[in-house]
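Trainee: below are the sequence and a predicted model; questions follow.
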Amino acid sequence: MLGVNSKKNKSVQRRRLNTKSQTPIISIICPVFNVKKYISETIETVIAQSYPHWELIIMDGKSSDGTIDVIQTYAKRDGRIRVYSELDESSWHAVDKGLDLARGEFIAIVCGQDGFLDSEWFRKCIRVFSDDPQVSLAWGLGRGIREDGTPFFETDAYSHFMHSESVPQISSNILKKFLRTTGELITAKWERKKFLIR
């Protein structure tokens, strides 16, 4: 997901894509905790993007497995990568702190065991935002990948955006989401409840 940074001044948002600026256009916030096994691959998918005007803000929740050492190796090699390591209440708390540090006009969030399969993803999103100032969010469909690199599912959670739906289908989707959210408000951990309520 890539969206407009609502904390940035509106006039800055209208400037859109002054790629000669030293300020990053995209801020990627990455909350992590004990993901040493995966974090290199995640960072590599950001570095591999053909669009160069980004910053990667990694919010580490005081990992104890060597995650921070891996991240700092990348941060020393690429000045666009910033890392902060301190305790947080949850991954969403880490994201909130990352938003306060973000300098870009657009925000992306990626977890420490995820990444971007398409190296043109940032460029494609920026093109959409540039072509239509009314657009404020670009969303990609997720894909589950096993540790050996083979895919095991492609999500259909948002597939209804890809085609027209009948009124009964729309009603069914709304009801399912309402029931799922209500269930989470009853059974989920407190951090998730706070997020849903907010």
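Mentor: Perfect, thanks for sending it. Here the structure is a predicted model, which means the values were calculated and not measured. Numbering: from 1, shown residues only.
Trainee: residues touching the residue nearest to residue 35 when sequence neighbours are not counted, list them.
Mentor: Here the nearest residue to residue 35 in space, its sequence neighbours aside, is residue 112; by Cβ to Cβ, 6 or more residues apart in numbering that works out to 3.8 Å. C-beta: built from backbone N, CA, C; applies to glycine. Going by Cβ atoms under 8 Å, 6 or more residues apart in numbering, residue 112 touches 30, 31, 32, 33, 35, 38, 39, 42, 58, 67.
Trainee: if you set the cut-off to 6 Å instead, what comes out?
Mentor: The contact partners of residue 112, taken as Cβ atoms under 6 Å, 6 or more residues apart in numbering, are 30, 32, 35, 39, 42.
Trainee: narrow those to those in helices?
Mentor: Among the contacts of residue 112, DSSP state H puts 39, 42 in helices.
Trainee: present the contacts of residue 112 as JSON lines; the columns should include distance to residue 137 and pLDDT.
Mentor: Below are these laid out as JSON lines (distance: Cβ to Cβ, whole Å; pLDDT from 0 to 100):
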{"residue": "30", "distance to residue 137": "19", "pLDDT": "95"}
{"residue": "32", "distance to residue 137": "24", "pLDDT": "95"}
{"residue": "35", "distance to residue 137": "26", "pLDDT": "94"}
{"residue": "39", "distance to residue 137": "26", "pLDDT": "96"}
{"residue": "42", "distance to residue 137": "22", "pLDDT": "95"}
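Trainee: and the two most separated of the contacts of residue 112?
Mentor: Farthest-apart pair in the contacts of residue 112 is 30 and 35; separation 9.5 Å (Cβ to Cβ).
Trainee: look up how far residue 84 lies from the residue nearest to residue 35.
Mentor: Distance of residue 112 to residue 84, computed by Cβ to Cβ, to the nearest Å: 13 Å.
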